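Novice: Sequence first, predicted model second:
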Amino acid sequence: MVLAGQAQVLKPITAALEPDYVMLDTGADRLFISNELVARLQLKDVDSLRLSTFGTRPPMEKTCRITVLKMWDADGSPHAFTVTRIDRVTSSTQ
């Protein structure tokens, strides 16, 4: 199931919460975050991950950085997610 909505995300350097739209895939093994949002929130990297693609010729290998995103839902419940940084999460189908 994919959940979409608005959450309050933490900008750790200022301890401020900022509203942002999120999509969470409850069945996914890994969650992703755009580098743009990481830069805006000034999140720190905690690890890295080496990814290899399939279905493309030639296969691509890329090292992605890992960070932690903290957010609060509409009920005020806190959540923390370990997320993989990528250039773009999704794009228009048009």
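Specialist: Received it, and whenever you're ready, just let me know what you need. Numbers count the residues shown, from 1 in each chain.
Novice: CA only for contacts and neighbour counts going forward, please
Specialist: Fine.
Novice: ok, longest strand in this protein?
Specialist: Identified as the longest strand of the chain according to DSSP state E is strand 61-72.
Novice: Pairing partners for that one, with directions?
Specialist: Sheet pairing of strand 61-72 (DSSP bridges) gives strand 2-11 (antiparallel), strand 45-52 (antiparallel), strand 78-86 (antiparallel).
Novice: Among those, which comes closest to residue 63?
Specialist: strand 45-52 (4.3 Å; C-alpha to C-alpha).
Novice: In the longest strand of the chain, which residues are buried?
Specialist: Residues of strand 61-72 classed as buried under the neighbour-count rule (16 or more other C-alpha atoms under 10 Å) are 65, 66, 67, 68, 69, 70, 71, 72.
Novice: Okay, now the unreliable bits of the chain?
Specialist: Scanning the chain for pLDDT under 70 picks out the ranges 89-94.
Novice: same thing but 50
Specialist: For the chain, no stretch has pLDDT under 50.
Novice: Residue nearest the middle of it, spatially speaking?
Specialist: The structure's the chain has its C-alpha centroid closest to residue 33; by C-alpha atoms, centre = their mean the separation is 2.1 Å.
Novice: I'd like to know the beta-bridge partner residues of it.
Specialist: If you apply DSSP bridges, the partners that residue 33 bridges to are residue 85.
Novice: contacting residues around it?
Specialist: By C-alpha atoms under 8 Å, 6 or more residues apart in numbering, the residues touching residue 33 are 83, 84, 85, 86, 88, 89.
Novice: for residue 9, same thing?
Specialist: Shown in contact with residue 9 (C-alpha under 8 Å, 6+ apart): 17, 18, 19, 20, 69, 70, 71, 72.
Novice: Report the separation between the nearest residue to it once chain neighbours are set aside and residue 21.
Specialist: Once flanking residues are discounted, residue 9 sits nearest to residue 71: 4.2 Å by C-alpha to C-alpha, 6 or more residues apart in numbering. As judged by C-alpha to C-alpha, to the nearest Å, residue 71 and residue 21 stand 11 Å apart.
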